[in-house]
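>>> sequence and predicted model, in that order:
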Amino acid sequence: MRFAEHWMWCSVDAIRDVTSGIREITLRPDAPPMSYPPGSHINVNLLIDGQPQTRSYSLVGERAIDTLRIAVRLAPDSRGGSQAMWALQPGGRLEISSPSSLFDIDWARKTYCLIAGGIGITPITGIAHALRKRSVDVRLHYAVRSRQDAAYLDEMGELLGERLDVHASDEAARLDLDATFSALPTDAIAIMCGPMRMLEAARHAWNSAGRAPADLRYETFGSSGLLPTAEFRVRLKGSGTEIVVPQNRSMLDALNDAGHEVMSDCQRGECGVCAIDVLAIDGEIDHRDVFFSDHQKSGNTKICPCVSRVVGTVTVDTLYQPDAV
């Protein structure tokens, strides 16, 4: 179950491709959304393979009065959300949540280091716009495969000028996180969004630099992981029940659909509310959350079913007890 969340209907106002693999979708809510902080996201209700599902997308750019912009990367190995979003046409109708943010940014600092990996640029655009209006030092490090794959590169270049550093793999311009963090003033804050590998590397570099963990603020992709996204099986302690988790469904959804209710909140692998016990693993767990430490993940005693997956079969204890008859 999600905690309090306001839902509203909107129309697809416009669609444009910002790169060959990233599509911007402008939504027009039936009623103007309330004020929201930079770096916010919305949840979108979708019908995927005939099943109602929810996906999250970050808002792009500065806040507009009556529209919301999101950008969706077409991902063949995703759980179906990107294909459903790319199938939208102008005039289509969607149910979305009100915007909210998980970044919890301290706006009182003097120095900000922004880091974006690929489609992770989407929430960073709004944050960059907000920071440029303040008397602060801000620099954006944008890591991409190539400049052709870099969404909003021109917009960020115009906004930040020399404060934008593009790290393109095909130019051998790798982002050196250790050097980047070491060069920051002691009171600097880093704000990043990117895939799991990038986030894990940033956390290691940040901690190695002796910086306060709370000064690294981040979001990750709910579908990003270190192993391929594939169907797997979940066995329930003491019940003899075995549930198949399809490639396009989360373990959390599969458990709830089967009647084994698991409490959840963020559904992005960041809060840990949905964490359940792992009793046995025949295969390998792909921990896609950012809640557990590296040591906890290596122990494989807990899993966040909202984002984490398995290659093989996992036995869990959800602690769910059906109501007495």
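That came in fine, so what should we check first?
>>> so what's residue 97 up against?
Shown in contact with residue 97 (CB atoms under 8 Å, 6 or more residues apart in numbering): 5-8, 42-44. C-beta coordinates here come from the backbone N, C-alpha and C atoms, glycine included.
>>> likewise residue 300?
Counting by CB under 8 Å, 6+ apart, residue 300 touches 278, 281, 285.
>>> who wins for most neighbours among those residues?
residue 285 (21 neighbours; other CB atoms under 10 Å).
>>> contact partners for it?
Per CB under 8 Å, 6+ apart, neighbours of residue 285: 278, 297, 300, 303, 308-310, 314.
>>> list buried residues within the residues you listed.
Among those, the ones that count as buried by 16 or more other CB atoms under 10 Å are 278, 297, 303, 308-310, 314.
>>> alpha carbons of the one helix or strand residue 8 maps to, as PDB, please.
Residue 8 belongs to strand 7-19 when assigned by DSSP states H and E. Provided in PDB are the C-alpha atoms of strand 7-19 (Å, rounded to 0.1, in the frame of the first residue of the first chain):
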ATOM      1  CA  TRP A   7      -4.300  11.300  -8.000                       C
ATOM      2  CA  MET A   8      -5.600  13.300 -10.900                       C
ATOM      3  CA  TRP A   9      -6.400  13.000 -14.600                       C
ATOM      4  CA  CYS A  10      -4.500  14.600 -17.400                       C
ATOM      5  CA  SER A  11      -4.300  14.800 -21.200                       C
ATOM      6  CA  VAL A  12      -1.300  14.200 -23.300                       C
ATOM      7  CA  ASP A  13      -0.600  17.700 -24.600                       C
ATOM      8  CA  ALA A  14       2.400  17.100 -26.800                       C
ATOM      9  CA  ILE A  15       5.100  14.500 -27.700                       C
ATOM     10  CA  ARG A  16       8.600  15.000 -29.200                       C
ATOM     11  CA  ASP A  17      11.700  13.000 -29.400                       C
ATOM     12  CA  VAL A  18      14.700  14.700 -27.700                       C
ATOM     13  CA  THR A  19      17.000  11.900 -28.800                       C
END
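>>> any idea of the mean pLDDT for it?
In this model, strand 7-19 has a mean pLDDT of 97.
>>> can you list contacts of whichever helix or strand comes after it?
Later in the chain than strand 7-19, the nearest helix or strand by DSSP H and E is strand 22-29. Among residues not part of strand 22-29, those counted as contacts by CB under 8 Å, 6+ apart are 8-18, 60, 66-74, 85-86, 88, 94, 96, 119, 149, 151.
>>> list the buried residues of stretch 100-117.
By neighbour count with 16+ other CB under 10 Å, stretch 100-117 contains the buried residues 101-103, 105, 109, 112-117.
>>> what about the strands in the stretch 101-250 of the chain?
Applying DSSP state E, counting those that start in this stretch to the stretch 101-250 of the chain gives strands spanning 111-117, 137-144, 164-168, 189-194, 216-220, 232-236, 242-245.
>>> hmm, who's touching the strand holding residue 8?
23-31, 33, 45, 67-68, 71, 88-98, 148-152.
>>> likewise for stretch 248-259?
Contacting residues not belonging to stretch 248-259 are listed as 48-49, 51, 53, 78-80, 234, 241, 243-246, 261-262, 264, 267, 274, 303, 305-310, 318, 322 [CB under 8 Å, 6+ apart].
>>> since that was my last question, I'll sign off now.
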